[in-house]
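[1] Please find the sequence and the predicted model below.
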Amino acid sequence: MGVAFVAHCMLNQNSKVGDGAHCAGVYSPIVDVLREKGWRIEQMPCPELAFAGLNRFWAVREQYDTAAFRRHCARLATAVADAIAVRVERGEDIVLIGVEGSPSMGVTITSSDPRRGGRPQWAEGTSEQVSGEGIFVEELRQELASRGIGFPRVAGETHAIPGHDEAAQRAAVESALLLAPGDDPPEPPAVGAES
Amino acid sequence: MERDARSFRVALVADEFVNPPPGGIDGIAAAAQAGWGVVQLPAADYPAQVADRLLFEVAEQSEEFAKHGYDIVLVGQREGLADALARVGLAVPDGINPESPVQLKEFLDGRPSPQAARGFGQAAG
């Protein structure tokens, strides 16, 4: 059986930053694919929720990339890696479903703007998305590597990416589920495109 | 920017209802239909040390939801949850051990309006 370790907000949009919840609770477009394909679901903790709270501002990587947040993410990554290790030991296939554009949970696209800080004020539509992983995903990669566990295949929820296309999102998740371990994943969605 | 669609309702759900066996009760489907978010509790077959770390994180996140007046309920049971919640000052929330999907949906639908929904963005207490 395959096991999908999913970003917290796939099952609980209440964890999202204000104005970020796309639906009441369960984000079905991703969950439904996993269920249809017979994958077990394992929900990861939200790195930002317990650290910065429900009233947090929207933020980019540079604002979260502090020693304290890294330690918090490393603690969460240890808990998640423990669970992944149990599954790997049982011979189960693993995928990681993140959130593209997230400073913490991005798997191929994160957010970056070194100038952002101070009083929150920036033009709507300012592009901050860049290729790369979020901070929690980086910490998880490091934790798994320290245990000799290969990093899982990844896919991401793409709601925050300009030009978000639910059919393309579904196809990318299905592709990640179907790839054999070690196969190359598909190209991530382009960043910086206008919506 | 689209309107925030959260429900301010969070169910702590035992793994057997997140990943139900054939013929089991699908807690995710019930939560989705009733407009609840799900916080998954660790699978029963995880070693205690693995489960304890995950329960610690469940408790910390529940603390933040509770602080802001989100409604929290428990679906099923999980050994160690009560201790984890107590460490952050929370009691085990109202809950249900559902015997059918209909019973679970009725339980979720029947909860009162959460305090947070009456003052989005305001700390509850």
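    Noted; the coordinates are in hand. Residues are numbered from 1 along each chain as shown, chains lettered A, B, ... in the order given.
[2] remind me which residues of chain B are low pLDDT?
    B:1-2, B:118-125 (pLDDT under 70).
[3] May I have the longest helix along chain A exported as PDB, CA atoms only?
    Longest among the helix segments of chain A by residue count, using DSSP state H, is helix A:67-89. Listed next in PDB are the C-alpha coordinates belonging to helix A:67-89 (Å, rounded to 0.1, in the frame of the first residue of the first chain):
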ATOM      1  CA  ALA A  67      16.800  29.900  14.000                       C
ATOM      2  CA  ALA A  68      13.700  29.500  16.200                       C
ATOM      3  CA  PHE A  69      11.400  28.600  13.300                       C
ATOM      4  CA  ARG A  70      14.100  26.200  12.000                       C
ATOM      5  CA  ARG A  71      14.200  24.500  15.400                       C
ATOM      6  CA  HIS A  72      10.400  24.300  15.400                       C
ATOM      7  CA  CYS A  73      10.400  22.800  11.900                       C
ATOM      8  CA  ALA A  74      13.200  20.300  12.900                       C
ATOM      9  CA  ARG A  75      11.100  19.100  15.800                       C
ATOM     10  CA  LEU A  76       8.100  18.600  13.500                       C
ATOM     11  CA  ALA A  77      10.300  16.900  10.900                       C
ATOM     12  CA  THR A  78      11.600  14.500  13.600                       C
ATOM     13  CA  ALA A  79       8.000  13.500  14.400                       C
ATOM     14  CA  VAL A  80       7.100  13.100  10.700                       C
ATOM     15  CA  ALA A  81      10.300  11.200   9.900                       C
ATOM     16  CA  ASP A  82       9.600   8.800  12.700                       C
ATOM     17  CA  ALA A  83       6.300   8.000  11.000                       C
ATOM     18  CA  ILE A  84       7.900   7.800   7.600                       C
ATOM     19  CA  ALA A  85      10.600   5.500   8.900                       C
ATOM     20  CA  VAL A  86       7.900   3.100  10.300                       C
ATOM     21  CA  ARG A  87       6.200   3.000   6.900                       C
ATOM     22  CA  VAL A  88       9.400   2.600   4.900                       C
ATOM     23  CA  GLU A  89      10.400  -0.300   7.200                       C
END
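[4] residues making contact with the helix or strand where B:I28 lies?
    Element membership for B:I28 (DSSP states H and E) is helix B:27-34. Residues from elsewhere that reach helix B:27-34 (CB atoms under 8 Å, 6 or more residues apart in numbering or on different chains): A:11, A:25-26, A:28, A:31, A:35, A:41, B:9, B:11, B:13-14, B:17-18, B:20, B:37-38, B:75-76, B:98, B:101, B:104-105, B:108-109. For every residue, glycine as well, the C-beta is placed using N, CA and C.
[5] and the residue lying closest to A:I94 once chain neighbours are set aside, what is it in contact with?
    Excluding its sequence neighbours, the residue lying closest to A:I94 (CB to CB, 6 or more residues apart in numbering or on different chains) is A:P152, at 4.1 Å. A:P152 is in contact with A:5, A:84, A:94-96, counting by CB under 8 Å, 6+ apart.
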